[in-house]
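1. Using only what follows, build the 3D model:
(one chain, ligands or ions: 1)
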Amino acid sequence: MGIPETASDRQRRALLIHYYRTLLETLGPQGWWPARTRMEVILGAILTQNTTWRNAALALARLRKAGLFKLKKLRQMSPQELEIYVRPAGFFRQKAATISNFVAWLDRRHQGSLYSLFSTPSELLRQELMKLKGLGDETIDAILLYAGRKPFFVADAYTRRILSRHGWLPSNADYATAQELIHRQLPRDPQLFNEFHALLVEIGKHHCKKQAPDCGKCPLAEYLPQRDLSHNGEKPLISSEQESRIEPSPA
Ligand code: SF4
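-> As a prediction, this is how the structure comes out:
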């Protein structure tokens, strides 16, 4: 691990907040999630599973054009009819079925009301959503955070890659481990989680690529435990400069 074992939780929190502030100052607010309504966020979160946002956006554009962001119209569609619209997002049968299942469950459990859905206590709601077919951790947390303003961090592959390359997590850390780290170290603040996640995605897309991370131009390079920008990012060690950054901050 690149973070000193002696660092307290408070010091770790301070360092993570430094990451966040540096990204925000460098890249600016990301304005996520790119959607106008909560239903659009939910559909986008389902459609972007296992594909690029570009493909998900093509499917969303079809749904929008057909008026299918409205629950009333969506519930009139069979999964087979929906497949035509969501085809650009890939895995279209599975995704159409997931959307139909979600809408049917929303009607059954919450009388078709997103207000009722998001009025459910956060942990209970997450457990309920985990039982729905086709929804995984990442999709559920994107729905909870971006549509429901609930304090769940979306610990996606970009987040895990960046945090492991900086020594916060082992390189094979799973979703739950990464999320637990963020939840333990940072305040459970939906706005903070929203912006931090969006900023990390930006870094993951443009700098922290799977192969050959572009550390030289990355805003997080100053936090690399070693200033050797040619390293493969897997074996960071803490530098004295970084250690000096980990000052206690107000709780
Ligand atoms: S400095 Fe390098 S390892 Fe760190 S986030 Fe940027 S690209 Fe990834």
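2. show me the contacts for the nearest residue to H206 once chain neighbours are set aside.
-> Ranked by CB to CB, 6 or more residues apart in numbering and with sequence neighbours excluded, the top spatial neighbour of H206 is D214, at 7.5 Å. From N, CA and C alone the C-beta is placed, and that goes for glycine too. Contacts for D214 (CB atoms under 8 Å, 6 or more residues apart in numbering) come out as 206-208.
3. Can you tell me the centre-most residue of this protein?
-> V154 (3.0 Å; CA atoms, centre = their mean).
4. List the contacts of it.
-> V154 neighbours (CB under 8 Å, 6+ apart): 138, 141-142, 145, 193, 197.
5. Quickly list the domain ranges of this structure.
-> Split into domains by automatic domain parsing, the chain comes to 9-30+155-245, 38-147.
6. mean pLDDT lowest for which of these?
-> Comparing mean pLDDT across the domains of the chain, the weakest is domain 9-30+155-245, with a mean of 86.
7. Pull the distance from that one to the chain's centre.
-> Centroid displacement of domain 9-30+155-245 relative to its chain, using CA atoms, centre = their mean, to the nearest Å, is 13 Å.
8. does any bit of it sit next to the ligand?
-> Yes: Domain 9-30+155-245 reaches the ligand (CB under 6 Å from any ligand atom) through 162, 165-166, 203, 207-208, 213-215, 218, 220-221, 224, 233.
9. returning to what we had before: and the residue nearest to H206, how far is that from A178?
-> 22 Å (CB to CB, to the nearest Å).
10. same check, this time on V103
-> Counting by CB to CB, the gap from V103 to A178 is 30 Å.
11. Show me which of the two is the more surrounded one.
-> Neighbour comparison, V103 and A178: the larger count goes to A178, with 23 against 19 (by other CB atoms under 10 Å).
12. Name the helix or strand for the more buried one, please.
-> Per DSSP states H and E: A178 is located in helix 175-185.
13. Where do the helices of the stretch 1-150 of the chain begin and end?
-> 9-27, 38-47, 53-65, 71-74, 79-86, 92-110, 114-119, 122-130, 137-142 (DSSP state H, counting those that start in this stretch).
14. Can you get me a residue count around the residue in the stretch 1-150 of the chain that the ligand sits nearest to?
-> For the stretch 1-150 of the chain and the ligand, the shortest gap (CB to the nearest ligand atom) falls at Y19, measuring 9.1 Å. Residues near Y19, counting by other CB under 10 Å, number 21.
15. Tell me how far it lies from E222.
-> Y19 is 10 Å from E222, by CB to CB.
16. cool, and F193?
-> 23 Å.
17. cool, W53 as well?
-> W53 is 28 Å from E222, by CB to CB.
18. And K73, by the same measure?
-> From K73 to E222 the distance is 50 Å (CB to CB).
19. The residue in the stretch 51-200 of the chain that the ligand sits nearest to and T120: what is the separation?
-> The minimum distance from the stretch 51-200 of the chain to the ligand, using CB to the nearest ligand atom, falls at R165 (3.8 Å). Distance, R165 to T120, by CB to CB: 36 Å.
20. Which one's more surrounded, these two?
-> Neighbour count, other CB under 10 Å: between R165 and T120, R165 has more, with 23 against 17.
21. That one and C208 touch, don't they?
-> Yes: under the criterion of CB atoms under 8 Å, R165 makes contact with C208 at 6.7 Å.
22. Pull the residues that contact stretch 70-82.
-> 39, 66-68, 93, 96-97, 99-100, 103-104, 106-107, 112.
23. Check the burial of the closest residue to S171 other than its chain neighbours by counting its neighbours.
-> Using CB to CB, 6+ apart and skipping residues adjacent in sequence, the residue nearest S171 is S164, 4.6 Å away. By other CB under 10 Å, 20 other residues sit near S164.
24. go on, L24?
-> For L24, using other CB under 10 Å, the count is 16.
25. Is A155 in a helix, a strand, or coil?
-> Following DSSP: H, G, I helix; E, B strand; the rest coil, A155 is assigned to coil.
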